[in-house]
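[1] here is a sequence with its predicted model. Questions after.
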Amino acid sequence: MPQNSNPQVVMIDLSKHQSLGSALREAIDKFADETCLIEADRERENHRMTYREFKETALPLAKFLQDRGFKAGSRAAIIMTNQSRWPISAYAVFYSGGVLVPLDYKLTASEHLALLAHSRSEVLVTEYHLWRAITQSEEFKEFNVGTVIVTDAPANAELHGAIRWEEPDVEGEPVFVPRKRSEFACIVYSSGTGGRPKGCVMTHENYLEQCVSLTSLYPFWPGVRYLSILPTNHAIDFMVGFIGPFVCGATVVHLRTLRPEFVREAFPRYQITYVALVPLILKNLQAGLQQRFDELPPLKRFVFDRLLAVNRALTKKRPKLELSRKLLKQVHEAFGGELRAIFTGGAFSDPQMIRFFYDLGIQVANGYGLTEAGTAITLNDLNPFRADTVGKPLPGMEVKIVNPDADGIGQVAVRSNTVMSHYLDDPELTFETIVDGWLMTGDLGRFDSMGHLQLFGRVKNMIVTEEGKNVYPEDIEKAFEGLPVKEFCVFAANYVWPERSMLGEKLIIVLRLNEGQEFSEELRQELIKRNNRLLNFKRVSGYVLWDEDFPRTASMKIKRFALADEIRQKLDRQAALKEL
Amino acid sequence: MRTTEQTIDEILNLAATHFKVARVELSPDDDLFKKLGIDSLQALELLTRLENHFNVELPDYEVQGVTDFRTLAERIQSRL
């Protein structure tokens, strides 16, 4: 267990609870006078509220929803940036026995509309600027959500039938609607911006169990402050930036900007204890720190390097937070002096980056998880610190390697009470993904002699970017439709030629040219033109020429696995893969 | 007081210089992420530069979902 064990831990007993609504309800009453939320915009604090004030804001919203027919099992979507009204709305939904649909605010308006329709949400809580984009979308004519509540709306804004956050004026108390552990709490989309939305249906049991195991490693208590930067729809922020801190009476700080200069300032200003970041932001933080170290005058740099070496030697076996804080005082003070751990999520983190922070005495809780399995499957227990693995399975997680090869590497499968119920409206995909109670992750791994999981790439045809975006090749093929070739197919390069690495993943396009056709400069320009229509993280970075017809099913769909297999056997990656 | 067209023009000049893209390649209705080939952090960097240039404050959440230069210019224009 890391150093963060604290005698003041006063988490409520989750085993007594059947639902998130019930657990949150007890916690909110128990910690009534503790600070629950702080919301800041740049250097200005918008407001802070106690758990009592949180309740006084959330319950009228619950009553308003109930008055409009929202009941047990009704679905409510949230599309909001990180702000205090996110957890307030979520609690109102859980209090009313509803199912929460947390959507990624970074998606486009038409993607939002598609997922609102797919999830059959009856309520939407969103921000004015996001709502305006939705209403301006062509697909808005098919919008079918009964109640829309909008925050941050300017005084004279056209709201297209939505209700202002400030507007509801209700009388009376809402009814608390109990739910069972096996009933649905959330529908979380792990991808689905393309043709096939993957809505993971998560139960109350999934979250309550995950919360117990995560807080056993990284506990919260009143006074702990979590900085919420990762979008709250993301499984990690939902757990460590909402459920976890709330059931322990801790404080969540929402910063309504992601500009690095304000994020850096927030650490000392709010004396942050924990934060979760995607690798891209962590990398940016690393670059900023490295630059500051490089700019030190020679003597100071010499002293700093010696202190760093001492810290590295003394924390080799386990972290010693207080010692590191003394040795590398200036670094820790820049982070406010209270930082205990940075959680990384959404994508694989470079071991060298994690090592960089660990050497400074800043623990990076690197682990491995996927939405389908709750939040995290494994987490580094820092006993000792290992940058080369994603740690050991969390309590309650059974993890096995399916069909290991001679090196012990095979597909990672998970069985746990945290594994989702199913994919919404997709029994076929559910059947392929959950086999005999085991969630097939699609990732390749192996256990070392210490019981740590090491990852070696993916079985599935997809990539995850440093921003934590899952990109499925099938979803971007539309951009290349009509390309003047006989046929084409997009792949994750590591799916065709496994690299045994989770870093530097990229997409490639396989081209089957027409009879007598040459790969011309004109075709290359056409590829680049179409590629540029895609967002930068969705672009293909290379192409492969293939001179046989693609294997296809009876319904003429490309047999991707068979095609990848043929390419792997006949073509060498280095020779065949050309940069675009 | 600038016109929206002037604001657009200044944004395009600034973006072209900052991200080293030929100015002639940028048009008001281009998707700025796609055209400049930038990630979300670089987009925030651009916003900070624009704020300094126009001397306005643009909250992140207000420009969330904005992908083209013209809409960005309209948001800035409304705050000038």
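    Structure received. Residues are numbered from 1 along each chain as shown, chains lettered A, B, ... in the order given.
[2] use CA for all of it now, contacts and neighbours both
    Fine.
[3] got the domain boundaries for chain A?
    Chain A resolves into domains spanning A:14-276, A:396-470, A:472-579 when parsed by automatic domain parsing.
[4] would you list those domains in a markdown table and tack on mean pLDDT?
    Putting the domains of chain A into a markdown table (pLDDT from 0 to 100) gives the following:
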| stretch | mean pLDDT |
| --- | --- |
| domain A:14-276 | 94 |
| domain A:396-470 | 91 |
| domain A:472-579 | 88 |
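[5] just put those domains in CSV and tack on distance to chain B and mean neighbour count.
    Formatted as CSV, the domains of chain A follow (distance: least, C-alpha to the nearest C-alpha, whole Å; neighbours: other C-alpha atoms under 10 Å in any protein chain shown):
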stretch, distance to chain B, mean neighbour count
domain A:14-276, 6, 20
domain A:396-470, 8, 18
domain A:472-579, 5, 16
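[6] A:V471 against A:M462, yeah?
    Yes - contact criterion C-alpha atoms under 8 Å: A:V471 and A:M462 qualify, at 5.7 Å.
[7] of all the domains of chain A, which one comes closest to A:K317?
    Closest to A:K317 of those is domain A:396-470 (C-alpha to C-alpha; 14.0 Å).
[8] so how far is that closest one off the chain centroid?
    The chain centroid and the centroid of domain A:396-470 are separated by 16 Å under C-alpha atoms, centre = their mean, to the nearest Å.
[9] what about that domain, start to end distance?
    26 Å (C-alpha to C-alpha, to the nearest Å).
[10] and A:M49, what does it touch?
    When contacts are counted by C-alpha atoms under 8 Å, 6 or more residues apart in numbering or on different chains, A:M49 is found next to A:T35, A:C36, A:L37, A:I38.
[11] is the least confident helix or strand in chain B by mean pLDDT in proximity to chain A?
    Least confident helix or strand, chain B: helix B:32-36 with a mean of 84, by mean pLDDT, DSSP states H and E. Yes - residues of helix B:32-36 contacting chain A under C-alpha under 8 Å from any C-alpha of the partner chain: B:F33, B:K34, B:K35.
[12] and those, which is closest to chain A?
    B:K34 (5.2 Å; C-alpha to the nearest C-alpha).
[13] just give the nearest non-adjacent residue to the closest one, would you?
    Of all residues not flanking B:K34 in the chain, A:L535 sits nearest, at 5.2 Å (C-alpha to C-alpha, 6 or more residues apart in numbering or on different chains).
[14] distance of that neighbour from A:N144?
    Taking C-alpha to C-alpha as the measure, A:L535 falls 28 Å from A:N144.
[15] for A:A365, the count of nearby residues, please.
    By other C-alpha atoms under 10 Å in any protein chain shown, the residues close to A:A365 number 25.
[16] which stretches in the stretch 1-150 of chain A count as strands?
    Applying DSSP state E, counting those that start in this stretch to the stretch 1-150 of chain A gives strands spanning A:35-41, A:44-50, A:75-79, A:99-102, A:123-127, A:147-151.
[17] which residues sit against stretch A:382-401?
    Stretch A:382-401 is contacted by residues A:1-2, A:213-214, A:316-319, A:351-352, A:354-355, A:366-368, A:376-381, A:408-417, A:445-446, A:451-455 when judged by C-alpha under 8 Å, 6+ apart.
[18] which helices and strands does the lengthiest strand in chain A pack with?
    In chain A, with assignment by DSSP state E, the single longest strand is strand A:438-447. Applying 3 or more C-alpha pairs under 8 Å, 6 or more residues apart in numbering or on different chains; DSSP states H and E, one finds that strand A:438-447 contacts strand A:410-415, helix A:427-433, strand A:453-458.
[19] and A:E138, which of those is closest to it?
    The closest of those to A:E138 is helix A:427-433. By C-alpha to C-alpha, the value is 29.7 Å.
[20] other residues contacting the closest one?
    Under the contact criterion C-alpha under 8 Å, 6+ apart, helix A:427-433 has outside partners A:H422, A:Y423, A:L439, A:M440, A:T441.
[21] try 6 Å
    Helix A:427-433 is touched from outside by A:H422, A:Y423, A:L439, A:M440, with contacts defined as C-alpha atoms under 6 Å, 6 or more residues apart in numbering or on different chains.
[22] once you drop chain neighbours, what's closest to the last one?
    Spelled out, it's A:M440. Excluding its sequence neighbours, the residue lying closest to A:M440 (C-alpha to C-alpha, 6+ apart) is A:A413, at 4.6 Å.
[23] which ones are touching that neighbour?
    By C-alpha under 6 Å, 6+ apart, the residues touching A:A413 are A:V399, A:K400, A:W438, A:L439, A:M440, A:T441.
[24] what do you get for A:K486?
    Taking C-alpha under 6 Å, 6+ apart as the test, what A:K486 contacts is A:R512, A:L513, A:N514.
[25] distance from stretch A:196-207 to the middle of the chain?
    Its chain's C-alpha centre and that of stretch A:196-207 lie 14 Å apart, by C-alpha atoms, centre = their mean.
[26] ignore what I typed, I meant stretch A:385-401.
    Its chain's average C-alpha position is 18 Å from that of stretch A:385-401, according to C-alpha atoms, centre = their mean.
[27] next: stretch A:200-216.
    15 Å.
[28] repeat that for stretch B:51-71.
    Worked out by C-alpha atoms, centre = their mean, stretch B:51-71 lies 7 Å from the chain centre.
[29] for that stretch, the averaged confidence score.
    Here stretch B:51-71 scores 89 as its mean pLDDT.
[30] list the buried residues in that stretch.
    Neighbour-count burial for stretch B:51-71, with 16 or more other C-alpha atoms under 10 Å in any protein chain shown as criterion, is recorded at B:L58, B:D60, B:Y61, B:V63, B:Q64, B:G65, B:V66, B:T67, B:D68, B:F69, B:R70, B:T71.
[31] can you narrow these to ones near chain A?
    B:D60 (C-alpha under 6 Å from any C-alpha of the partner chain).
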